[in-house]
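# After the sequence you'll find the predicted model.
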Amino acid sequence: MKKQDMNRDWIATARTLSQALPYLQRYEGATVVIKLGGHAMGSDEAMESFARDVVLMQQVGVKPVVVHGGGPMINKMLGQLGIESSFVNGKRVTDKATVEVVEMVLSGLVNKRIVQAINSQGGRAIGISGKDANLMVCEQADPELGFVGAPVAMDPSIVHELGEENLIPVIAPVGAGRDGETFNVNGDTAAGAIAGALHADRLLLLTDVSGVKDANGEVLTCLSSQQIKDLTEAGVIAGGMIPKTQTALDALRDGVRAVVILDGRAPNACLLELYTEHGAGSLIRDTQPRVKPTAKTV
Ligand SMILES: Nc1ncnc2c1ncn2[C@@H]1O[C@H](COP(=O)(O)OP(=O)(O)O)[C@@H](O)[C@H]1O
Ligand SMILES: CC(=O)N[C@@H](CCC(=O)OP(=O)(O)O)C(=O)O
């Protein structure tokens with residue numbers, strides 16, 4: 001690269017940092033729940049970029065809370081063990097043998113991989129599941145789905161306590177039932193319930209598509225509740241996008257200020273969303289247009 005071009009790059013970087021000031025101020029002290037989907041954590045590079053974003057967010061005053069999925073990793077382990085599984089509306093039909101594998105993979109392999117990635121970037125992450133400190137008590141969601149849980153009682157105090165110690169909670173979507181059963185909770189559902197209990201300022205759902213697409217495959221940058229209902233009825237929102245958009249609606253109802261569905265494989269996806277004028281993905285915030293205000297309101 002020529003010296004002149006390098007100077008231009010540095011000037012652009014400085015300008016980007018300067019332009020981030022109103023957003024840095026806006027999100028200082030904000031609680032941001034980030035759901036990392038299994039498809040978004042494929043490569044080591046993607047994981048490293050995610051971890052850097054989370055550590056940087058905390059460095060500039062955000063309280064990040066990570067909730068993760070791990071569907072592809074569960075599929076792989078079930079395959080290795082010769083256990084078949086099927087999905088109904090994006091949720092895994094979960095029998096006794098399956099729920100044991102789900103907990104092993106989510107609370108073990110996947111959770112610790114994320115914890116390690118964040119800690120490697122200088123953060124202090126701690127891995128827990130919905131079972132810890134009664135964070136997420138569940139009931140059976142639907143008898144047809146077996147041990148799939150619906151969160152019914154949330155106690156977010158452990159998340160607050162960890163945040164006060166500057167620890168970054170990394171939460172596996174596994175919950176306990178009142179009779180001691182273990183429930184497999186869809187990662188989006190768990191993230192929404194946790195964001196709702198925390199009254200989070202933002203819920204970022206990181207996935208493997210650039211947002212919610214319409215019938216022509218175009219990403220919708222801003223969506224209302226009604227649009228979500230219409231697109232779901234028309235079958236345009238399908239599969240794994242159903243729990244995601246349903247989560248968004250539930251989270252808004254529970255007091256989360258806004259939900260964004262975005263591509264977690266894109267480098268620095270979280271920073272792009274929070275700290276640039278452009279933003280990323282599909283913003284779900286009732287009927288307001290996707291305009292990034294410059295005032296100090298979140
Ligand atoms: N309208 C839609 N817009 C975008 N993606 C959709 C839509 N309907 C269904 N999908 C599917 O939803 C998937 C995301 O859900 P899922 O695979 O469960 O992701 P994750 O593992 O990140 O939770 C996308 O890869 C896409 O195939
Ligand atoms: C009930 C249910 O479907 N649970 C999910 C939990 C993991 C998950 O949600 O992972 P992603 O976010 O990567 O899809 C499952 O068993 O796959």
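Nice, I can see it. Ligands and ions are numbered 1, 2, ... in the order given.
# Would you check how far apart the residue in the stretch 1-150 of the chain that ligand 1 sits nearest to and ligand 2 are?
The stretch 1-150 of the chain approaches ligand 1 most closely through Gly37 (2.2 Å), counting by CB to the nearest ligand atom. Backbone N, C-alpha and C define where each C-beta goes, glycine included. Gly37 is 4 Å from ligand 2, where distance means CB to the nearest ligand atom, to the nearest Å.
# do Leu205 as well
Taking CB to the nearest ligand atom, one finds Leu205 at 9 Å from ligand 2.
# And Val170, by the same measure?
Val170 sits 14 Å away from ligand 2, going by CB to the nearest ligand atom.
# Endpoints of stretch 26-36, how far apart?
23 Å (CA to CA, to the nearest Å).
# residues making contact with that stretch?
50, 54, 57, 60-69, 114, 163, 187-188, 190-191, 194-195, 198-206, 256, 264, 270, 274-275, 295-298 (CB atoms under 8 Å, 6 or more residues apart in numbering).
# quick one: buried residues of it?
For stretch 26-36, burial by neighbour count (16 or more other CB atoms under 10 Å) applies to 26-27, 30-36.
# Next: stretch 190-207.
Neighbour counts over stretch 190-207 (16+ other CB under 10 Å) mark 190-198, 200-207 as buried.
# Narrow these to those in strands?
Judged by DSSP state E, the subset of those located in strands is 202-207.
# do stretch 256-273 and ligand 1 meet?
No. Shown here: stretch 256-273 not in contact with ligand 1 (CB under 6 Å from any ligand atom), separated by at least 7.0 Å.
# How far does that stretch sit from its chain's centre?
Between the centre of stretch 256-273 and the centre of its chain there are 9 Å (CA atoms, centre = their mean, to the nearest Å).
# what pLDDT, on average, does that stretch get?
The average pLDDT within stretch 256-273 is 89.
# Can it be said to contact ligand 2?
No. Stretch 256-273 stays clear of ligand 2 (CB under 6 Å from any ligand atom), getting no nearer than 10.2 Å.
# cool, and stretch 83-102?
Yes. Using CB under 6 Å from any ligand atom, stretch 83-102 reaches ligand 2 at 91-92, 102.
# I'd guessed Lys131 sits against Gly175; true?
Yes. If you go by CB atoms under 8 Å, Lys131 and Gly175 touch, sitting 6.4 Å apart.
# Between those two, tell me which one has more neighbours.
Gly175 (28 against 18; other CB atoms under 10 Å).
# Can you list the buried residues in the helix or strand containing Gln25?
Per DSSP states H and E, Gln25 falls inside helix 21-26. Buried positions in helix 21-26, judged by neighbour count with 16+ other CB under 10 Å: 23, 26.
# average pLDDT across that helix?
86.
# Quickly run through the sheet partners of whichever helix or strand comes after it, with directions.
Going down the chain from helix 21-26, the next helix or strand is strand 31-36, by DSSP H and E. Note on strand 31-36: by DSSP bridges, its sheet partners are strand 63-68 (parallel), strand 202-207 (parallel).
# Make CSV out of these and add mean pLDDT.
Below are the strands paired with strand 31-36 laid out as CSV (pLDDT from 0 to 100):
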stretch, mean pLDDT
strand 63-68, 98
strand 202-207, 94
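# Same list, those strands, but as JSON lines with distance to Asp286 please.
Shown next, in JSON lines, are the strands paired with strand 31-36 (distance: least, CB to CB, whole Å):
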{"stretch": "strand 63-68", "distance to Asp286": "23"}
{"stretch": "strand 202-207", "distance to Asp286": "14"}
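# which of the residues in the helix or strand bottoming out on mean pLDDT in the chain are buried?
Every helix and strand of the chain was ranked by mean pLDDT, DSSP states H and E. The lowest is helix 3-19, at a mean of 74. Judged by neighbour count (16+ other CB under 10 Å), helix 3-19 contains no buried residues.
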